[in-house]
Structures are given as structure tokens and as C-alpha cells.
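> no sequence on this one, just coordinates:
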């Protein structure tokens, strides 16, 4: 049975930056699969459109951070597999957290049950300036 999952990027203060939905084939899925599917969707959307700013979970190589994403230095397609690798590495090194409801996901292999109102929040941590 298919399941629809709401993905939300938010600040540590609770401000919502972006909200998208992801349709999955099952109502139980691992955190790793959610990340992989999300990143693949972001890359596909970017590559299909003629854009210079990538809005995604992690920063691609050879880009500059902007207010609403990452500006590519040269126009190009983004490699989905490389972005997935970078996202998995970012999760493992705590550069972002995943919350299902109010509970933090601790492992990429953790299974998440998806109900009608399940919401997965991604909280990106940014390094302190001068620290």
C-alpha cells in the first residue's frame, strides 16, 4: 500500500523553510530510504529545470551557499548518487537531524511507520561564525 510522507525543512527555532511530500510504496521505510528518495527527487527536479540555484538537503560540490540554496559556479547537472552519498555522510556526522514527530531518528536503518499524518522534519545545523 502506498504512503504519503510530509517532509519539512525547519530551523532549530521551528521556522519552516520548505515543505514537500514524498510518495512511498510501503508504510514502513528506513530513514536511509527516506533520505535517498528525498535527495533523488531534489536532484531530478533541479536537473529537469534550467536553474542555477539548487535547493536541497546537502550542498553539492563546486557551489556557493545562498539564502535560499546553493548557487552552482558553472551550469551543470547534479549527480544524484553523489548527493545521496553526501547526505548519508551528513546524517552520520550530525550535520542535520531527522525528527519523526517529536522523536529523533538515531540510525539510518531505523524503520519508520508512516500514518496519514506522519511528518519528518529535517533540522540542518550550521557552523557558528568565528567558532
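That came through fine. All values reported here derive from a predicted model rather than from experimental measurement.

> following element in sequence after the biggest helix by length in the chain, please.
Counting residues, the longest helix found in the chain (DSSP state H) is helix 31-48. Using DSSP states H and E, the helix or strand that follows helix 31-48 in sequence is strand 53-54.

> thinking again about what came up before, and the longest helix of the chain, what other elements does it pack with?
On a contact count with 3 or more C-beta pairs under 8 Å, 6 or more residues apart in numbering; DSSP states H and E, helix 31-48 meets strand 3-10, strand 16-24, helix 80-92, strand 96-100. All C-beta spots, glycine's among them, are computed from the backbone N, C-alpha and C.

> list the contacts for the residue sitting nearest the centre point of the chain?
Central residue of the chain (C-alpha atoms, centre = their mean): residue 57, 3.6 Å from the mean position. Residue 57 sits next to 9, 35, 38, 39, 42, 83, 87, 90, 96, 122, 124 when contact means C-beta atoms under 8 Å, 6 or more residues apart in numbering.

> how near is the fourth one to residue 116?
As defined by C-beta to C-beta, to the nearest Å, residue 39 lies at a distance of 24 Å from residue 116.

> between these two, which one's more packed in?
Neighbours were counted for residue 39 and for residue 116 using other C-beta atoms under 10 Å; residue 39 has more, 23 against 8.

> ok, the more buried one touching residue 58?
Yes: if you go by C-beta atoms under 8 Å, residue 39 and residue 58 touch, sitting 7.5 Å apart.

> need the residues touching each of the two.
By C-beta under 8 Å, 6+ apart, the residues touching both residue 39 and residue 58 are 83, 87.

> residue 60 contacts residue 47, doesn't it?
No: taking contacts as C-beta under 8 Å, residue 60 lies outside contact range of residue 47: 11.3 Å.
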